[in-house]
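Asker: no sequence on this one, just coordinates:
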């Protein structure tokens, strides 16, 4: 070692034999949800060794949290092609392709049977807390690409991998209630409910007969509002930052996405009838528990304040990715969305809805750290335009690249019907079949029905 702070320093670094050593390790998939299990199916078909790490105590634990929610895309769009082939080879029969499954049905009828095929390659209660390169921090370069990935679990156990497909999602990192991207003062001291509570089911007692404030202008907010409207003696306030709710209402009958228009039409009717009280220009600034309830104070950019006093607060303000576990990897993230820079312009919510995002794959998902890919809703960062079928195409492309089949990896495509999978006719047909009252929303997901809620599951479309 030199005697100066900046001189040449002799450091011994473990030397790896290269691809032969690292290539013998498994590909680690983080998350056993729809996209993570689809990745595993493609890895299995390609004959690549893999291990799935699921933080929850069951397969698709995040999906199970919204088991009461009915997705607005029918089964034919919710089953990955490789997963279907593996399941059918084991004697599985696909559900009715036109049926709109709940989250619980997704797990019970598709994801759980799929995971069962993978046996002990699926590890539950295996929460990943950090990822690095074995023997390398983010700064060191020489020999880096030949070093295996090092994965540390919450238990302290460490694993190695040849590549990582991060399908851990965003459900554990909701956006804050504060209007400027910062937590509102007192937010951490108040019990705030996040998007998609089971208002008509297990959570009914938390809301019925209570004064409820819903904050947010997306379809998750609309879903919750329409569910709350079915409860008696439950005053509802809806607070949004915008000056009017046109974004949530959509275009009504003229909306390019009929389901979104139908949701907006129903919501508008509740606003106009007075069933739901709307507060516009609401910039959540402070929360405080009083003897009369929770005092929620808005402070707009001019300093003007508004106050709402309620019993329950639902923050339907969206989600954001947590890239902290990959802090020692070399990531190239878009400074606005938190996706890769290459993907950002393709998913920008200012320019795209879920039905207009083009197919994309390994090239758009790649980082300067070879072998690490964030996929699924996490890959979209803060963009709420994720489509489950798009996630399936992502992992098909990524796995093809890991197998060295770059021609297949770069032949990305996504086939959807001309009207997308956001057509209200699907929900209307199902309502006729099961005798449910109408209730439809935009994206792929809709509003609460007597037997299930329809919503966004953390994104507008997936």
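Answerer: It's in. As the structure is a prediction and not an experimental result, all values here were calculated from the model.

Asker: tell me the secondary structure for the residue nearest to residue 134 when sequence neighbours are not counted?
Answerer: In space, and not counting its chain neighbours, residue 134 is closest to residue 150: 4.3 Å by Cβ to Cβ, 6 or more residues apart in numbering. In this view, the C-beta of every residue, glycine as well, is placed from N, C-alpha and C. In the three-state summary, residue 150 is assigned as strand, counting by DSSP: H, G, I helix; E, B strand; the rest coil.

Asker: can you pull the pLDDT of residue 150?
Answerer: Predicted confidence (pLDDT) at residue 150: the value is 98.

Asker: can I assume residue 134 is in contact with residue 146?
Answerer: No - no contact is recorded between residue 134 and residue 146 when judged using Cβ atoms under 8 Å, the distance being 10.3 Å.

Asker: All the strands of the stretch 251-400 of the chain, residue numbers only.
Answerer: Listed in chain order, the strands found in the stretch 251-400 of the chain under DSSP state E, counting those that start in this stretch are 276-279, 284-290, 293-299, 305-310, 312-315, 372-374.

Asker: Give me the residues contacting the third one.
Answerer: By that I understand strand 293-299. Residues from elsewhere that reach strand 293-299, judged by Cβ atoms under 8 Å, 6 or more residues apart in numbering: 179, 190, 211, 213, 239, 279, 281-289, 305-313.

Asker: Which positions in stretch 35-47 come out as buried?
Answerer: 35-46 (16 or more other Cβ atoms under 10 Å).

Asker: Dump those residues into TSV; add secondary structure, distance to residue 388 and pLDDT as well.
Answerer: Rendered in TSV, the data for the buried residues of stretch 35-47 read as follows (DSSP: H, G, I helix; E, B strand; the rest coil; distance: Cβ to Cβ, whole Å; pLDDT from 0 to 100):
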residue	secondary structure	distance to residue 388	pLDDT
35	helix	7	98
36	helix	12	98
37	helix	12	98
38	helix	9	98
39	helix	13	98
40	helix	16	98
41	helix	14	98
42	helix	15	98
43	helix	19	98
44	helix	20	98
45	helix	19	98
46	coil	21	98
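
Asker: Can you tell me which of the residues you listed lies closest to residue 399?
Answerer: Nearest to residue 399 out of the buried residues of stretch 35-47 is residue 42 (Cβ to Cβ; 3.9 Å).

Asker: Where does pLDDT dip in the chain?
Answerer: When the per-residue scores of the chain are filtered using pLDDT under 70, the ranges that remain are 1-20, 72, 247-263, 354-355, 415-462.

Asker: hmm, try it at 80
Answerer: Along the chain, the model assigns pLDDT under 80 to residues 1-23, 72-73, 219, 245-264, 352-356, 385, 415-462.

Asker: that older thread, pull out the buried residues from the contacts of strand 293-299.
Answerer: 179, 211, 213, 239, 281-287, 306, 308, 310-313.
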